[in-house]
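**Student:** can you look at this prediction? I've put the sequence above it.
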Amino acid sequence: MEQANHKIEDRKKEGIMITLNEQVQAKQASTLLECVSFIHNALPELNFEDINTSTNYLHHRFSAPILIDSMTGGTPAATKLNETLAKAAAEYGLGMGVGSQRAGLKSEALAETYKVVRRAAPDIFLMANIGGAQLAENLSVNDAQKLLRMIDADALAVHLNPLQELVQPEGEPRFKGVLKGIEALASKLDVPIIVKEVGAGISAEVATRLVKAGVASINVSGLGGTSWAGVEQIRAKAEKITRKAELGEIFWDWGIPTAASLIEVRKAVKVPLIASGGLRNGLEIAKCMVLGANLCGLALPMLKHAAESFQSLCDFIERLELQLMAAMFLVGAKDLKQLSRARYVLTGELLQWSNSNKVRRAK
Ligand SMILES: Cc1cc2nc3c(=O)[nH]c(=O)nc-3n(C[C@H](O)[C@H](O)[C@H](O)COP(=O)(O)O)c2cc1C
């Protein structure tokens, strides 16, 4: 058990170091948010300072629809980062997720790397995190409750990462029984379950099955940002596991682009949605809101700024908010409800994705 924990700890540290120092984002693919254009409003009839970006998500108030997406913990290298991320979330009234807490279940010392978040931010909306594959394997309801208590979480995020498990040197691509595991937890836990991908997107069909299983919200986390096939490719290459390295190279850009995933999931289900995967500025956040998101998550950019300094992270969040408000001003939306009704145009490849869904459904 201790040895297994050591391995998880090393892997978590490598995950941070590789994402911070190497090129791990999509190579040829993108979120396709560049295929969404707002219609400019030359007569906004509102003052910039009156724009309000606040919103509610799962009964929690957010000052802006921005989430620091699930990332880290499970290695001492994560403690300071988690603390910095949490302080910024508290400062700006945002929400946050920790990384997979499997390591924290097995070691009290590693549990501390997650607990620091709640201490730094007593009031934020905070998500616990576990892999779907662990639900199929052996994670009991009791264990899930421990994860929640560890950080006094408001929700449990369950990540689905079949691509990452395939490419990861020590990966376990065993997903039989995951939906049943999710269903069991949804019926027994007293906090909402959010199911998320980690960068390959959620389809309309998967979303429908998840909502039927009792999931309260979905984070599409689509293609266009951090590629976990990419991160694991780099690890496999370093460990000279050539077949996995090759697999990671071939599937680096696999997935449903974030904008396409958001459009089809929004058509399929009514639960609140988080857009994430490759969001890098406030205009992209505005575009996701008009496509039906309730919140927008950013992972890698938040980590990079947190690694630099608290100040750098705060500055980044303020710039995101300014950019979001600028988009709202230019479409004449004084709040997020009005933004969600703004007129926009879909072009190019995104239009094809969106039509392919219609064609399939018409059959
Ligand atoms: C360093 C790092 C660690 C991550 N660890 C987790 C994790 O433990 N659980 C999870 O659900 N997602 C994890 N993610 C995935 C993110 O939550 C997000 O879905 C993905 O990175 C896409 O967003 P981005 O392009 O903004 O990075 C991690 C991302 C990063 C960058």
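**Tutor:** Cool, got the structure. Numbering: from 1, shown residues only.
**Student:** and stretch 176-193 with the ligand, contact?
**Tutor:** No. On the criterion C-beta under 6 Å from any ligand atom, stretch 176-193 is out of touch with the ligand, staying 12.6 Å away. (Each C-beta comes from the backbone N, C-alpha and C, glycine too.)
**Student:** any idea of the mean pLDDT in that stretch?
**Tutor:** Mean pLDDT, stretch 176-193: 96.
**Student:** what's the answer for stretch 246-254, then?
**Tutor:** On average, stretch 246-254 scores 98.
**Student:** now do the end-to-end distance for it.
**Tutor:** End-to-end distance for stretch 246-254: 14 Å, by C-alpha to C-alpha, to the nearest Å.
**Student:** how about stretch 294-311?
**Tutor:** Length of stretch 294-311, first residue to last, C-alpha to C-alpha: 27 Å.
**Student:** what's the answer for stretch 232-248, then?
**Tutor:** 7 Å.
**Student:** buried stuff in it?
**Tutor:** Judged by neighbour count using 16 or more other C-beta atoms under 10 Å, the buried positions of stretch 232-248 are 232, 233, 234, 235, 236, 237, 241, 244, 245, 247, 248.
**Student:** residue 108: which of those residues is nearest?
**Tutor:** Closest approach to residue 108 among these (C-beta to C-beta): residue 235, at 27.3 Å.
**Student:** wait, what's in contact with that closest one?
**Tutor:** With contact set as C-beta atoms under 8 Å, 6 or more residues apart in numbering, residue 235 has these partners: 11, 14, 18, 168, 169.
**Student:** quick check: pLDDT value at it.
**Tutor:** 97.
**Student:** tell me the helix or strand right after the helix or strand containing it.
**Tutor:** Per DSSP states H and E, residue 235 falls inside helix 228-238. The element immediately downstream of helix 228-238 (helix or strand, assigned by DSSP H and E) is helix 242-250.
**Student:** mind saving the C-alpha coords of the helix or strand following that next one as CSV?
**Tutor:** Using DSSP H and E, the helix or strand that directly follows helix 242-250 along the chain is helix 258-268. Extracted C-alpha coordinates of helix 258-268, given in CSV (Å, rounded to 0.1, in the frame of the first residue of the first chain):
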residue,chain,number,x,y,z
THR,A,258,-15.1,22.1,-26.2
ALA,A,259,-17.6,24.3,-28.2
ALA,A,260,-19.0,21.3,-30.1
SER,A,261,-19.4,19.2,-26.9
LEU,A,262,-21.1,22.1,-25.1
ILE,A,263,-23.6,22.6,-28.0
GLU,A,264,-24.6,19.0,-28.2
VAL,A,265,-24.8,18.4,-24.4
ARG,A,266,-26.8,21.6,-24.0
LYS,A,267,-29.3,20.2,-26.6
ALA,A,268,-29.5,16.9,-24.8
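**Student:** contacts for helix 258-268, please.
**Tutor:** Taking C-beta under 8 Å, 6+ apart as the rule, helix 258-268 contacts 31-33, 35-36, 197, 201-205, 207-208, 218, 220-225, 256, 273, 275-279, 287-288, 291-293, 346, 350, 353-354, 357.
**Student:** how far off helix 242-250 does the helix holding residue 235 point, in degrees?
**Tutor:** 150 degrees (axes from the mean of the first three to the mean of the last three C-alpha atoms, to 10 degrees).
**Student:** so what does residue 138 look like in phi/psi?
**Tutor:** Residue 138 adopts backbone torsions of phi -150, psi 20, taken as degrees, to the nearest 10.
**Student:** and it, how far from residue 313?
**Tutor:** 36 Å (C-beta to C-beta, to the nearest Å).
**Student:** now swap in residue 48 and tell me
**Tutor:** Taking C-beta to C-beta, one finds residue 48 at 24 Å from residue 313.
**Student:** comparing these two, which residue is more hemmed in?
**Tutor:** residue 313 (26 against 12; other C-beta atoms under 10 Å).
**Student:** OK, contacts around the residue in the stretch 151-300 of the chain positioned nearest to the ligand?
**Tutor:** As assessed by C-beta to the nearest ligand atom, the ligand sits closest to residue 225 within the stretch 151-300 of the chain, at 2.0 Å. Residue 225 makes contact with 25, 26, 31, 199, 258, 276, 277, 278, 279, 280, 299, 300 under the criterion C-beta under 8 Å, 6+ apart.
**Student:** excluding its backbone neighbours, what's nearest it?
**Tutor:** Spatial nearest neighbour of residue 225, excluding adjacent residues (C-beta to C-beta, 6 or more residues apart in numbering): residue 278 at 3.0 Å.
**Student:** how about the contacts made by that neighbour?
**Tutor:** With C-beta under 8 Å, 6+ apart, residue 278 has these contacts: 25-26, 30-31, 33, 199, 222-226, 258, 284.
**Student:** and which of the residues you listed is nearest residue 84?
**Tutor:** Distances from residue 84 to the contacts of residue 278, taken by C-beta to C-beta, are shortest for residue 226, at 18.7 Å.
**Student:** look up how far residue 224 lies from the closest residue to the closest one other than its chain neighbours.
**Tutor:** Once flanking residues are discounted, residue 226 sits nearest to residue 300: 4.8 Å by C-beta to C-beta, 6+ apart. Going from residue 300 to residue 224 by C-beta to C-beta gives 11 Å.
**Student:** ok, now residue 178?
**Tutor:** Noted for residue 178: a distance of 24 Å to residue 224, by C-beta to C-beta.
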